[in-house]
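Visitor: Got a predicted model here, sequence first, then my questions.
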Protein chains: 2
Amino acid sequence: MTPTDPTKPLLRVLAGDRMPVPPIWMMRQAGRYLPEYRELRAKAGGFLELCFTPEFAAEVTLQPIRRFNFDAAIIFSDILVIPYALGREVRFEAGEGPRLDPLDTPAKVETLAAQADFGKLEPVYEALRRVRRELDPKIALIGFCGAPWTVATYMVAGQGTPDQAPARMMAYAHPEAFSKIIDVLVRNSVRYLLGQLAAGADVLQIFDTWAGILPPREFLRWSIEPTRRIVEGVRAKAPDARIIGFPRGAGAQLPDYVQATGVDAVSIDWAAEPSLIRERVQAKVAVQGNLDPLALIAGGAALDQAVDDVLANYGKGRLIFNLGHGIQPETPIAHVEQMIKRVRAHKG
Amino acid sequence: MTPTDPTKPLLRVLAGDRMPVPPIWMMRQAGRYLPEYRELRAKAGGFLELCFTPEFAAEVTLQPIRRFNFDAAIIFSDILVIPYALGREVRFEAGEGPRLDPLDTPAKVETLAAQADFGKLEPVYEALRRVRRELDPKIALIGFCGAPWTVATYMVAGQGTPDQAPARMMAYAHPEAFSKIIDVLVRNSVRYLLGQLAAGADVLQIFDTWAGILPPREFLRWSIEPTRRIVEGVRAKAPDARIIGFPRGAGAQLPDYVQATGVDAVSIDWAAEPSLIRERVQAKVAVQGNLDPLALIAGGAALDQAVDDVLANYGKGRLIFNLGHGIQPETPIAHVEQMIKRVRAHKG
């Protein structure tokens, strides 16, 4: 199956076609808003057990496909599997975010392994192979990694932080040490993404959740440039690889990101300004997004309006309908159905 | 004293002049990074006591002027004095953010007073008069209020929230109730700003700290439109009033904000994209900003580079040098001195 497989609407959009009815999927579509997910998660024990048990990871990846017939499945995993494979301690405690051993001094950065133990990531590849076997050929399978900047914010701080201050401070005060973390992440992310392609992924997404906090010089150095190197590294071995970037909050820096990284599409957050995106982003690459997840919780007329706004703003060009960020656990399933119905009724 | 007083560099920039050495001040310049502030705050007791005791508020307003000779003093107060004057309970507890009685249902919104008790705000006016009397005539005095959207996020949630979800949900699910809060804030903010002008403020700033979370339709309705009405309401009585808007995180929506609201300047955050700002914002109004407060904490070469970037990006046009957000308590005073020295040595 090639990345331009004409039977997959999502791949057609990435390859250059505008689809009258945009393909649709949701970030975090395998998640806690689904009772079948909550049930399996309870059975698996912890979050990492769910990620690293191929049978479970494949099953939760497929749950939203069975229920909603989305145009893409995204492998159930986490952006912190790379630090985990690098031998860092990574824990997910119930009700809290991730916890890692902080890499918050240059001396600690010296201890960072150059090379991940890819054996630890074999369960992710196995889960991809399982999903691939079961998935309808019209549905795209997405593999992913975190962008180096965003993964580094967790590695430096040892946890999620409201303003990513620890990583930003290390980047200002110790740029060589911080570069070392980024370089290790670039190299290992390339290999990890190639492994996901080999295991059956049609498309790759690079999540740079915290890109929007960076000033222009730092955005170029820590978000754009590492992403560009990953895209280049993947395409050196897999020239046809389809790659979606998601530098969340990049705002008016998105055109530079698109130009420099070479991604095939960008995912945009719900606060994006439509005319800039249409003229300077969608004219070059496909756009994925960007419904406000809160409109999906609200439902009713507010949801219809929000869906219509996304279609009106971006539906005349290459669009993959999605949310502007992950779906939230309290989202009613009926609202997801309302959204899908409205998107698929779109007369484009 | 008129707003175009030629002796005040900051007012000259707002009136249309580019200054070779940009005027400089810092958001939250009267704050915890200063030992003299911490001392007075301890003496005052609570935060609201500090705001509402004119002698204390005037003194902390003047502290950073004495120490750094900034080009503007901003009256020491808080954006939540409007809900306070509307009779809402507002508390500031040590180490935590503000706490209010939440207005989180349409029924509760019905209880909101239409009119603030402006007697409660008399101490702010008195503090302005005291500062005015002591302030060097070359230094501008800034009054301010919160933008209705941002103030409403606190009033609805009853506290600060990471994603402003309670206010965003009320705006989606109960737009009439939410509009009522906004309308009350617009009307009372106009009167409050006019009161500050009468008490001696040369310039007004409208802080919309949480504007950047809003999708385009909501940004127009809840950030731009209420701000436009405030600017219009103030200018109806004070046609020469100089007003700076700060829709933080507005990104590529800034040109629309400038066009629609009629502000004389916008404050920009540190993640702003320079070419968009220069071409579509600074071509029309003055720009204030936008040093990353973390670069100010880092100091050294990183700070010099960050200062130089702001000057290179915006120094050829009308610029008021400032931070991209408030100064943080852990900032070394020596770094503030380093920044000021470098800005004032600028050969523009």
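Guide: Looks like it arrived, so ask away.
Visitor: Next, the contact list for the residue of the stretch 51-200 of chain A found nearest chain B, please.
Guide: Proximity of the stretch 51-200 of chain A to chain B (C-beta to the nearest C-beta) peaks at A:Tyr172, 3.7 Å away. For the C-beta atoms, the positions are set from N, CA and C on the backbone; glycine is no exception. By C-beta atoms under 8 Å, 6 or more residues apart in numbering or on different chains, the contact set of A:Tyr172 is B:Leu294, B:Ala295, B:Ala298, B:Ala302.
Visitor: top of the residues you listed by neighbour count?
Guide: B:Ala295 (29 neighbours; other C-beta atoms under 10 Å in any protein chain shown).
Visitor: Report pLDDT for A:Glu96.
Guide: pLDDT, A:Glu96: 81.
Visitor: how about the residues of chain A near chain B?
Guide: Counting by C-beta under 8 Å from any C-beta of the partner chain, the residues of chain A close to chain B are A:162, A:165, A:168-169, A:172-173, A:175, A:212-217, A:219, A:249, A:251-253, A:256, A:270-274, A:276, A:290, A:292, A:294-295, A:297-298, A:300, A:302, A:305-306, A:309, A:313, A:324.
Visitor: Please pick the buried ones from those residues.
Guide: The neighbour-count criterion (16 or more other C-beta atoms under 10 Å in any protein chain shown) marks A:165, A:168-169, A:172-173, A:175, A:212-216, A:219, A:249, A:251-253, A:256, A:270-274, A:276, A:290, A:292, A:294-295, A:297-298, A:302, A:306, A:309, A:313, A:324 among the residues of chain A next to chain B as buried.
Visitor: The contacts of A:Tyr172 also near chain A: which ones?
Guide: B:Leu294, B:Ala295, B:Ala298, B:Ala302.
Visitor: re the thing from before, the residues of chain A next to chain B in helices, which ones?
Guide: Among the residues of chain A next to chain B, DSSP state H puts A:165, A:168-169, A:172-173, A:175, A:216-217, A:256, A:274, A:276, A:294-295, A:297-298, A:300, A:302, A:305-306, A:309, A:313 in helices.
Visitor: Which member of the ones next to chain A among the contacts of A:Tyr172 is positioned nearest B:Val186?
Guide: B:Leu294 (33.9 Å; C-beta to C-beta).
Visitor: pLDDT at that closest one, what is it?
Guide: Reported pLDDT for B:Leu294: 98.
Visitor: For the residue nearest to A:Ile74 when sequence neighbours are not counted, I want the exact helix or strand it lies within.
Guide: Of all residues beyond its chain neighbours, the one nearest A:Ile74 is A:Ile142 (4.2 Å), with distances taken as C-beta to C-beta, 6 or more residues apart in numbering or on different chains. A:Ile142 belongs to strand A:140-146 when assigned by DSSP states H and E.
Visitor: Sheet-wise, list the partners of that strand with their directions.
Guide: strand A:72-74 (parallel), strand A:203-208 (parallel) (DSSP bridges).
Visitor: Can I get those strands in CSV including mean pLDDT, distance to A:Leu80 and mean neighbour count?
Guide: Formatted as CSV, the strands paired with strand A:140-146 follow (pLDDT from 0 to 100; distance: least, C-beta to C-beta, whole Å; neighbours: other C-beta atoms under 10 Å in any protein chain shown):
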stretch, mean pLDDT, distance to A:Leu80, mean neighbour count
strand A:72-74, 98, 16, 26
strand A:203-208, 98, 11, 25
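Visitor: In TSV: those strands, plus distance to A:Tyr154.
Guide: Output for these, formatted as TSV (distance: least, C-beta to C-beta, whole Å):
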stretch	distance to A:Tyr154
strand A:72-74	20
strand A:203-208	12
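Visitor: Relative to A:Arg28, which of these is closest?
Guide: When the strands paired with strand A:140-146 are compared (using C-beta to C-beta), the closest one is strand A:72-74, at 8.6 Å.
Visitor: tell me the secondary structure for A:Tyr125?
Guide: helix (DSSP: H, G, I helix; E, B strand; the rest coil).
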